[in-house]
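Enquirer: Fold the following, please.
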Amino acid sequence: MKLAGLRSIKNAHNESVWAATWVAATTSRPALFLTRSLDESVKLWKSDELNLERTNTDHCLGVVAVAAHPSGVIAASASLASFVRVLDVDINASTATLEAPPSELWQMQLDPKKDPSHQIRIAARSLSCQLHGVLMGDDLLVAQCTALFSVFDVARAKFQHHLEGHFMPVCSLVYSPINPRMLFSASDDAHVHMYDAEGKSLVTAMSGHAGWVLSFDASPDGAAIATGSSDRTVMLCDLNMRAAVQTMSNHADQVWGVAFRPPGGTGVRTGRLASVSDDKSISLYDYS
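Expert: The predicted model follows:
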C-alpha cells in the first residue's frame, strides 16, 4: 500500500484549518470534502479537483469541529461561540442552530442510525468536561477523559467498562469500518492503539511520529490507518504489519485533520486521502 501526492491547495482558508471530513456521495453528486477553519468559514471542495464548490459563513467565531452524516445530506459544525449549526449540504444553508454547553465543542459525530430527514442525534465533547474524544458505533458510545476510555451502552444509557493504555490525552477515536469490535485511538503520547472494545483489551500499539498524534482515520478497506501529527507529517500504517510504511511531508505546520474518502458515487476513482494543517493548506493523496 502507498500514498501518492495528487495536489495541494495553499491558503485554502485565511486562518489555520483545524479539521475536515468527507461528505458522502449522493445520487445527484459525488463526494465533497468539507473543511473548517479559525477564519469562521466552512468550505466544501470538489472531490478530485479540490476546486472550491461553496462556502458557508454562518458562524461568528472560528469553527473548531465538523461532522457529516453518512447519507451525505447534512453536516454539522461547531464554533468557539458555543453554537452548533446543522447544514443542508446541497442548498448550502443552515437548517438548525443548537446552543452548546458553556464551552466550545471540539469534536462531534452524527448518529449514523438516525434518518436525518426525521431526526438527528449528535455526540460531542467539550472542554468544560475535559472530554477529549467521543464516538458512536454499534449502539456503543465511547467517551475519553484524559487517557481513560469510558464505554457506554447508548440504548440503556449505561456504563459498560473502561479501556486503558495511553499515558497522555487522546485526540481522536475511530472504529474499524470492517470490524465493529476494533477501536483505534490516537494520543499526545505519539502512539496509536488498537483495542477490542467489547473484550476490554489492548490489541496493539503503533508509533512513528516525533510529536503528538493530532488526527487519524481508518481506510474504508480496513487495511490501513493514516495519522496527522504536530511533527508536520502524515503517516500511513499497515494494520497487518502493525507498523508505519510511509511518511508524507506536504505540510509546513502541524496536521490537524486526515480523512479517507468514503466509497460510493459514479465517475470517481477510489482511494483518496486528504489532510489539513495549521499552514492553511489542504493536501490530497491517492491511496492504493
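Enquirer: buried ones in stretch 23-34?
Expert: 23, 24, 25, 26, 30, 31, 32, 33, 34 (16 or more other Cβ atoms under 10 Å). Just so you know, the C-beta spots here come from the backbone N, C-alpha and C atoms, and that holds for glycine as well.
Enquirer: out of the residues you listed, which one sits closest to residue 233?
Expert: Nearest to residue 233 among these is residue 33, at 20.1 Å by Cβ to Cβ.
Enquirer: Please identify the helix or strand for the closest one.
Expert: Secondary structure assignment for residue 33, by DSSP states H and E: strand 32-37.
Enquirer: Wait, residue 216 touches residue 228, no?
Expert: Yes. Using Cβ atoms under 8 Å, residue 216 makes contact with residue 228 at a distance of 6.8 Å.
Enquirer: Who has more neighbours out of the two?
Expert: Between residue 216 and residue 228, residue 228 has the larger neighbour count (other Cβ atoms under 10 Å), namely 30 against 25.
Enquirer: Tell me the backbone dihedrals of the nearest residue to residue 3 once chain neighbours are set aside, please.
Expert: Excluding the flanking residues, the one nearest residue 3 by Cβ to Cβ, 6 or more residues apart in numbering is residue 285, at 4.4 Å. The phi and psi values for residue 285, taken as degrees, to the nearest 10, are phi -130, psi 150.
Enquirer: Against residue 75, how distant is residue 285?
Expert: 22 Å (Cβ to Cβ, to the nearest Å).
Enquirer: Please verify my assumption that residue 26 contacts residue 72.
Expert: Yes. Judged on Cβ under 8 Å, residue 26 makes contact with residue 72 at a distance of 4.5 Å.
Enquirer: before we move on, back to that, joint contacts of residue 216 and residue 228?
Expert: residue 258 (Cβ atoms under 8 Å, 6 or more residues apart in numbering).
Enquirer: The residue nearest to residue 3 contacts residue 4, correct?
Expert: Yes. Counting by Cβ under 8 Å, residue 4 is a contact partner of residue 285 at 6.3 Å.
Enquirer: Show me the shaky parts of the stretch 101-250 of the chain.
Expert: Residues of the stretch 101-250 of the chain that meet the criterion pLDDT under 70 lie in 101-150, 153-155, 157.
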